[in-house]
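> Below is the structure, and that's it, no one-letter string:
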């Protein structure tokens, strides 16, 4: 070993991160890679325990303690910044000198990043390079997995959104309506439901064709969104049937105003391919007070009863549901005072 120390170039190739210590604990020689980590400060001539801090074993306080730690794995770090961590092993020599061979261990990625090391800075047989390749491969795989998960998440969100959207109008569909109603019923909040049916829509389809009917439905959808509040939900639940869910309703005046705006707006003529489409809207409204225990089926059935009361009252009006509506004549006008609001 003494002869080997005389030819430092051999150790520099075999162990580029080694240090040769004198019996006094000074660094006599530093391998090229460990010296590269401190390019502006020659390690040779420094006291080993002043350049490096031994973290484990914790009992090492001086050179005698260090000699007794021969063949024990050492955990060290530089005293100054960057405080790179190392693993090491010490081999004492008969003449009192010592060899300390260091490695990055699992902190190799930090070492390569902080000091711009390449495979030329490690021994040809050092597994550190293979470890680095594995870590880079793992990082690349995790990044690819992250991107794939983001794409899948985006596709899932898009699919869920599509499943709750009416493709013709862009409004919510019946599935979305059911979801919102189930949540509101569960929380027993105050809310209202307007069931809206387009008057004379069949005449548009029959005389001008389905293209005209689709155009009218799209115009109606935009109008309903514009005439309702941002917190309200407008859904298309059938061919020419729509439902509006209004949350946080504290007064029937709000419902009357919203319903009247929708009726007035939908009575405006709609142009299509040089023709004029004329429709109106009949509305049946149910106002659910906070704390009421109801089912979604009952709410929608009550709104339907109120809607047909509006139809029988002459269309283009809004009717608020009351229980006695169920006793009204099947094709007659509800008695006065039963909540009919005309446009």
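That came through fine. All values reported here derive from a predicted model rather than from experimental measurement.

> ranges for the helices of the stretch 101-250 of the chain?
108-115, 128-163, 174-187, 201-208, 210-227 (DSSP state H, counting those that start in this stretch).

> can you tell me which of those comes nearest to residue 15?
Residue 15 lies closest to helix 128-163 among those, at 12.2 Å (Cβ to Cβ). (C-beta placed from N, C-alpha, C; glycine too.)

> Tell me who's in contact with residue 163.
Contact analysis of residue 163 by Cβ atoms under 8 Å, 6 or more residues apart in numbering lists residue 175.

> Any chance of the backbone angles for the residue lying farthest from the centre of the chain?
Within the chain, the residue lying farthest from the chain centre (Cα atoms, centre = their mean) is residue 95, at 64.6 Å. Phi and psi for residue 95, reported as degrees, to the nearest 10, are phi -80, psi 10.

> any idea how far it lies from residue 28?
Residue 95 sits 12 Å away from residue 28, going by Cβ to Cβ, to the nearest Å.

> for residue 141, same thing?
Following Cβ to Cβ, the distance that separates residue 141 from residue 28 is 44 Å.

> and what of residue 316?
Counting by Cβ to Cβ, the gap from residue 316 to residue 28 is 102 Å.

> Repeat that for residue 235.
83 Å.

> Who has more neighbours out of the two?
residue 235 (25 against 18; other Cβ atoms under 10 Å).

> Make sure the more buried one is actually in contact with residue 245.
Yes: contact criterion Cβ atoms under 8 Å: residue 235 and residue 245 qualify, at 7.4 Å.

> any residues in contact with both of those two?
Common neighbours of residue 235 and residue 245 (Cβ under 8 Å, 6+ apart) are residue 177.

> At which residues are the strands of this protein located?
18-21, 27-30, 52-56, 74-78, 85-92, 98-103, 191-199, 233-236, 241-247, 270-272, 275-277, 280-288, 317-320, 340-342 (DSSP state E).

> any idea of the mean pLDDT for the last one?
The reference is to strand 340-342. Computed over strand 340-342, the mean pLDDT rounds to 53.

> Next: stretch 210-229.
pLDDT averaged over stretch 210-229 gives 95.

> And it, what's buried?
Applying a neighbour-count criterion of 16 or more other Cβ atoms under 10 Å, one finds 212-213, 215-217, 219-221, 223-225, 227-228 buried in stretch 210-229.

> Surely residue 50 and residue 78 touch.
No: Residue 50 is beyond contact range of residue 78, at 10.7 Å (criterion: Cβ under 8 Å).

> Those two - which one has more neighbours?
Just comparing residue 50 and residue 78: by other Cβ under 10 Å the higher neighbour count belongs to residue 78, 15 against 11.

> residues touching that one, list them.
Contacts for residue 78 were tallied using Cβ under 8 Å, 6+ apart; they are 37, 38, 51, 52, 53, 84.

> Show me the beta-bridge partners of the fourth one.
When you say that, I think you mean residue 52. As for beta bridges, residue 52 partners with residue 78 under DSSP bridges.

> confidence score at it?
92.

> can you check the first one too?
Reading off the confidence values, residue 37 has pLDDT 88.

> got it, and the last one?
The model reports residue 84 with a pLDDT of 84.

> Between its first and last residues, what's the separation in stretch 85-99?
18 Å (Cα to Cα, to the nearest Å).

> how many other residues sit next to the nearest residue to residue 321 once chain neighbours are set aside?
Closest residue to residue 321 apart from its sequence neighbours, by Cβ to Cβ, 6 or more residues apart in numbering: residue 306 at 4.0 Å. Look at residue 306: counted by other Cβ under 10 Å, it has 27 neighbours.

> From residue 23, how far off is the residue farthest from the centre of the chain?
For residue 95 relative to residue 23 (Cβ to Cβ), the value is 8 Å.

> Now do residue 10, the pLDDT please.
On the pLDDT scale, residue 10 gets 81.

> Let me know the distance separating it from residue 309.
From residue 10 to residue 309 the distance is 102 Å (Cβ to Cβ).

> Going by how many neighbours each has, rank the two and give me the top one.
Neighbour count, other Cβ under 10 Å: between residue 10 and residue 309, residue 309 has more, with 26 against 12.

> What's opposite the closest residue to residue 254 other than its chain neighbours in the beta bridge?
Using Cβ to Cβ, 6+ apart and skipping residues adjacent in sequence, the residue nearest residue 254 is residue 246, 7.3 Å away. Bridge pairing for residue 246 (DSSP bridges) gives the partners residue 192.
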